[in-house]
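Peer 1: from the sequence below, what's the structure:
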Amino acid sequence: MDRVALYLQDAHSLADGIKYAQYAEKNGFEAVWQAESRLVRDAIVPMAAFAAHTSTLKVGSGVINNWTRNIGLLASTLLTLDDLAPERIICGIGAWWDPLASNVGISRRKPLLAMRETVELLRKLLALENVTFTGEFHQLKGVQLDIVHGLVEARNVPIYIGATGPKMMELTGEIADGVVLNYCVPPNYNDRAMQQLEDGAKRVGRDLDEIDRPQLIVCSVHEDRAKAIEGAKTLLTQYLAQQPHIAQASGVSADIVDNVQKILGWPATKDQIIEAMQYVPDEFVLSISATGTPDEARARVNEYIDRGCTCPILYPLGDPYLMMDTFAPNLHQESSP
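Peer 2: Prediction:
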């Protein structure tokens, strides 16, 4: 595979994350993406750290939400990151999820309209346009990025939507530079996603190939297959309980989700996760992740690529260096599948 990226959440310290980003850059990874999902680590601070300690690696948000930063702040934040790492920043943005959003007072009403307004206005502001707009979610009056001492020119920050459901996927095909395809889904999930992206693209005369399609993939690599499965199961158990949109897309049975949700609280404890893991079958773990020996993990990732993923964004469970060595383009000069 020619393209591969690294995904980091909160499992590692920021100091270690910087080391992983540097190692990824050295070994041919094209990007590092920083998560911002649960209330544990924001994406912007780690992105700045990764950008400051690398020179060619792209740095993406994987993904921030479109509700909690006003559009002016969001644009100026991306402008600042672009100042730090010109032409290397990617804005991955999503519609967030409940109950997390509702628990902090955010009503995710009309998510498609809210996302459309956000993406369209963000483009205008990053192009240094003076924007006046009265919408349902954003109201701007003569707003422009107020650059006095910096580079006064439009910024090239591609916007990728983290879409999971069919309507958001179609909207992504219509208005975004790319999609961040979700993880914890089987490879055949991509078949529907590609069609939905294409349907949206056709509305505005675009082709599917104009839309970049990186995909988050849980990747648990170990020479001992059983240990790899155990490592992946810990994460997937938590996600099935706490992120209903992922549980739905994964195709897991309602019985499994119900059993896990009865045990896990919010936030979940390690003991609760361990107790709930008994209800998650090994076969299910293998069906929605790249888990196993290095050869097995590579083969599984290639299945996602065969079904439309343009760049796997690999979330390392276990030893990050082993995972990066397993997929590093500079160490594996294999042809694209």
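Peer 1: quick one: low-confidence parts of this protein?
Peer 2: Confidence mapping of the chain against pLDDT under 70 gives the ranges 244-245, 333-337.
Peer 1: contacting residues around the residue nearest in space to the middle of the chain?
Peer 2: Centroid check for the chain by Cα atoms, centre = their mean gives residue 62 as the closest residue, at 3.4 Å. Residues near residue 62 by Cβ atoms under 8 Å, 6 or more residues apart in numbering: 7, 33-36, 43, 92, 162, 180, 216, 313. Every residue, glycine included, has its C-beta placed from N, CA and C.
Peer 1: swap the cut-off to 6 Å and go again
Peer 2: Residues in contact with residue 62 (Cβ atoms under 6 Å, 6 or more residues apart in numbering) are 33, 35, 92.
Peer 1: which residues in the stretch 201-337 of the chain form helices?
Peer 2: 225-242, 244-250, 254-263, 270-276, 282-287, 294-306, 320-327 (DSSP state H, counting those that start in this stretch).
Peer 1: using a markdown table, please lay out those helices together with distance to residue 16 and mean neighbour count.
Peer 2: Converted to a markdown table, the helices of the stretch 201-337 of the chain look like this (distance: least, Cβ to Cβ, whole Å; neighbours: other Cβ atoms under 10 Å):
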| stretch | distance to residue 16 | mean neighbour count |
| --- | --- | --- |
| helix 225-242 | 17 | 21 |
| helix 244-250 | 25 | 19 |
| helix 254-263 | 29 | 15 |
| helix 270-276 | 20 | 15 |
| helix 282-287 | 25 | 17 |
| helix 294-306 | 21 | 18 |
| helix 320-327 | 8 | 20 |
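Peer 1: ok, which of those helices comes nearest residue 78?
Peer 2: helix 244-250 (25.0 Å; Cβ to Cβ).
Peer 1: who touches the closest one?
Peer 2: So helix 244-250 is in contact with 97, 164, 184-185, 239-240, 257, 288, going by Cβ under 6 Å, 6+ apart.
Peer 1: quick check: buried residues in stretch 5-12?
Peer 2: By neighbour count with 16 or more other Cβ atoms under 10 Å, stretch 5-12 contains the buried residues 5-9.
Peer 1: CA atoms only: put it into CSV for me.
Peer 2: Output in CSV follows, covering the C-alpha atoms of stretch 5-12 (Å, rounded to 0.1, in the frame of the first residue of the first chain):
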residue,chain,number,x,y,z
ALA,A,5,-1.5,7.2,8.2
LEU,A,6,-1.4,7.0,12.0
TYR,A,7,-4.3,7.6,14.4
LEU,A,8,-3.8,8.7,18.0
GLN,A,9,-6.3,9.1,20.8
ASP,A,10,-5.6,9.4,24.5
ALA,A,11,-4.0,6.0,25.2
HIS,A,12,-0.5,7.5,25.1
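Peer 1: neighbouring contacts of that stretch?
Peer 2: Residues contacting stretch 5-12 (Cβ under 6 Å, 6+ apart): 17, 24, 29-35, 40-41, 216, 311, 313, 315.
Peer 1: ok, back up a step: nearest to residue 158, out of the helices of the stretch 201-337 of the chain?
Peer 2: helix 294-306 (20.2 Å).
Peer 1: report the angle between that closest one and helix 320-327.
Peer 2: Put simply, helix 294-306 runs at 60 degrees to helix 320-327, going by axes from the mean of the first three to the mean of the last three Cα atoms, to 10 degrees.
Peer 1: quick one: stretch 319-334 to chain centroid distance?
Peer 2: The chain centroid and the centroid of stretch 319-334 are separated by 20 Å, computed with Cα atoms, centre = their mean, to the nearest Å.
Peer 1: contact partners for the nearest residue to residue 329 once chain neighbours are set aside?
Peer 2: Spatial nearest neighbour of residue 329, chain neighbours left out: residue 28 (3.5 Å); criterion: Cβ to Cβ, 6 or more residues apart in numbering. Applying Cβ under 6 Å, 6+ apart to residue 28 gives the contacts 328-330.
Peer 1: now swap in residue 233 and tell me
Peer 2: Residue 233 neighbours (Cβ under 6 Å, 6+ apart): 277, 280, 285.
Peer 1: pretty sure the last one contacts residue 232?
Peer 2: What that stands for is residue 285. Yes: with contact defined as Cβ atoms under 6 Å, residue 285 reaches residue 232; the gap is 5.0 Å.
Peer 1: intersection of neighbour lists for the two?
Peer 2: residue 291.
Peer 1: quick one on the thing from earlier: among the contacts of residue 62, which are in strands?
Peer 2: When those are checked against strands (DSSP state E), the matches are 33, 92.
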